[in-house]
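**Q** Task: produce atomic coordinates for the following.
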Amino acid sequence: MVQAMLAAALLGLPPRASAALKLPDITNITVSFEGTNGMAGMAVADEVRDALPGDAVFPAYYVQQDGLDLYSKKPRPGKNPASLRVTQLYRNEPVRQLAFTKDGWSLVEVDRLTQYNEKTGAWESAKGWVRTDSLGGDSSAGARWQESRVWYGPGPGGGPVPEASPMGTPEPPRAEPPKGLLDAFIQSLLSFRGTPYKWGGTSPGRDGGVDCSGLIVASLTRIGFGRIPRTAADQQRATGAQPLTDPRALKPGDLVFVGRRAHHVLAYLGGGKVIEAPKRGDVVSVSSLRERFGSLANLSYGTILP
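**A** I've put the predicted structure just below:
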C-alpha cells in the first residue's frame, strides 16, 4: 500500500485514503530520486510527503560529525562533489530524513537553515543530501543543540513571512533579539579572520573554511542564531536589502551585498570597515569599504539583526 501511494505521488495521481495505515518507522520505505537535478528535485520529496497519511512522521536523526557536507544533489561515484556542497552541518545537529536511496544517501531537511522557494513564494527549511551512515548521534546532545537556538528569522520556526512588499521582496518577520546578540555577532565574525575560503564551507571540524555567505551562517550559528538563509541571494532577500547610496546609512552588523541578485556578501563592522571571505585561495579578512569598492552602484544592504 505504501509503495502504491508513493508511486501515485510520483505519477501525479491522487493517493488512496487508508485510515488504518500506520507508519511508525518511515525508514522502511526506500525511495530513489535518481535523475533529479539539484534543488529542483526537492519538490519530489514534498509530493512523497503529501502522499503519506497525516500522522506520518519523518524520523529525526542527529549528525555524527562536525563539518558534514550537505549537497544540492547526490554526488556521482568517482566525481569530485565539492561544487555540489551547499553547506556543512554540525555534530549533534538535528535533521529530518525525507527519503533515502539504496546506495547510502539520504535527503534531509535542516531547520537551522532556510531557503526561498521561488515556485511557492515561501521560505522553507533547507534540504540536501548527506551520507546515511553519517546520521545517528546522541539524542540528548541533539536536544540541547535544539534548545540553544534563538530561532529568529524567516520561515517556519521564526514566524510567518508577511505579504510581499511593494518592491516584490518578502519582508522577514521582526522580533526583539536577545540583549547583546549584535555585539556577539560582530565578535563572532572577527573570530573567523584568517580562515581559508572554502566553497559551501561553514568552518566546523578540522578541515575548516567558509565562503562568503558561509561566514555569515557560521558566525550566527556560533552565537545560537537559527533560521539562517544559507546563500547570499537568500540573505539579500530575507533582509529586504535596499540600494546602498550612502555608506553613512550602514550600521554595525549590516550585510552588504554585491549584485542585483547577490552573488557575494560582506558584513559591516563599523568605522567604514567590512569583513568577508573574498574568493578561492584567500582568507577571511577586514578591509575598508571605500577601498574595496570604488563605486556603490552594484551594492545593496540589509539588516539581519535589528
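
**Q** So for stretch 81-97, what gets flagged as buried?
**A** Across stretch 81-97, burial judged by 16 or more other Cβ atoms under 10 Å covers 84-97. (Each C-beta comes from the backbone N, C-alpha and C, glycine too.)

**Q** From these, pick the one nearest residue 250.
**A** Nearest to residue 250 among those, counting by Cβ to Cβ, is residue 87 at 26.4 Å.

**Q** Secondary structure element for that closest one, which one?
**A** For residue 87, the host element (DSSP states H and E) is strand 85-89.

**Q** what residues does that strand touch?
**A** For strand 85-89, contacts defined as Cβ atoms under 8 Å, 6 or more residues apart in numbering pick out 63, 67-72, 95, 110, 113, 126, 128, 130, 199-205, 214, 217, 230.

**Q** picking that back up, state the pair within the buried residues of stretch 81-97 that is farthest apart.
**A** The span of the buried residues of stretch 81-97, defined through Cβ to Cβ, is set by 84 and 92 at 24.0 Å.

**Q** these two touch, right, residue 281 and residue 199?
**A** No. If you go by Cβ atoms under 8 Å, residue 281 and residue 199 don't touch, sitting 11.6 Å apart.

**Q** And the two? Which one has more around it.
**A** Per other Cβ atoms under 10 Å, whichever of residue 281 and residue 199 has more neighbours is residue 199, with 15 against 7.

**Q** how many other residues sit next to the closest residue to the more buried one other than its chain neighbours?
**A** Residue nearest to residue 199 in three dimensions, not counting chain neighbours: residue 211, with 5.4 Å by Cβ to Cβ, 6 or more residues apart in numbering. Neighbourhood size, residue 211 [other Cβ under 10 Å]: 27.

**Q** Residue 218 versus residue 211, what's the distance?
**A** Here residue 211 is placed at a distance of 10 Å from residue 218 (Cβ to Cβ, to the nearest Å).

**Q** do the same with residue 273
**A** Residue 273 is 19 Å from residue 218, by Cβ to Cβ.

**Q** swap in residue 245?
**A** 30 Å.
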